[in-house]
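Chemist: I'll drop the sequence and a predicted model, then ask my questions.
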Amino acid sequence: MKFLKFVVAALIAVFATTSLTACSTEPTVDVSAYAAVIDVRTPEEWSEGRLEGAVRMGIADADFTAQLATLDPSKDYYIYCRSGNRAGQAIDFMRQNGFTGELVNGGSVANAAGQTGLAVVTD
């Protein structure tokens, strides 16, 4: 019986710690480690709110490949969009076009802001 109480107490402690950690508002990504924070959304989405210091390289832009050509393919980049889908597509495209550095999908603007601690700004 004592062993069962111990196991239950240990499980409660683990779940409580995990829950508190999952709700943490502390940034988990140091953006200074990345050559750039890249927003791959449309100009309209960009103007609604973007991460402070981000650069916009819209994946749907006709010159997306030319925009990527301005980047060092050996560097690390943090990429986000509205949901993470286009960021993932951009990362796949970058890998197919010779990018060898770390390419991180930050997901949505809100998720990326939470991970990095960067403010969401508008025009």
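Modeler: That came in fine, so what should we check first? Numbering: from 1, shown residues only.
Chemist: where along the protein do the strands fall?
Modeler: 36-39, 50-51, 55-56, 77-80, 103-105, 120-121 (DSSP state E).
Chemist: strand partners (parallel or antiparallel) of the fifth one?
Modeler: When pairs are called by DSSP bridges, strand 103-105 turns out to pair with strand 77-80 (parallel).
Chemist: so what's the gap between the partner strand and the chain middle?
Modeler: Strand 77-80 sits 6 Å away from the centroid of its parent chain (CA atoms, centre = their mean, to the nearest Å).
Chemist: which residues of the chain fall in helices?
Modeler: 2-22, 43-48, 64-68, 85-96, 109-116 (DSSP state H).
Chemist: name the residues that touch the second one?
Modeler: Pointing back at helix 43-48 there. 39, 56, 58, 81, 82, 122, 123 (CB atoms under 8 Å, 6 or more residues apart in numbering). In short, each C-beta sits where N, CA and C put it, glycine included.
Chemist: what pLDDT does the spatially most central residue of the chain get?
Modeler: The residue lying closest to the centre of the chain (CA atoms, centre = their mean) is residue 106, at 1.3 Å. At residue 106 the predicted local distance difference test score is 97.
Chemist: do the one 5 residues further on as well
Modeler: Residue-level confidence at residue 111 comes out at 97, pLDDT.
Chemist: hmm, it is touching residue 81, no?
Modeler: No: here residue 111 lies out of contact with residue 81, judged by CB atoms under 8 Å, at a distance of 10.2 Å.
Chemist: counting neighbours, go ahead and name the busier of those two.
Modeler: Ranked by neighbour count (other CB atoms under 10 Å), residue 111 and residue 81 place residue 81 first, with 25 against 14.
Chemist: who touches that one in this structure?
Modeler: 39, 40, 41, 45, 59, 87, 90, 107, 108.
Chemist: picking that back up, which of the helices of the chain comes out lowest on mean pLDDT?
Modeler: The weakest mean pLDDT among the helices of the chain belongs to helix 2-22, with a mean of 45.
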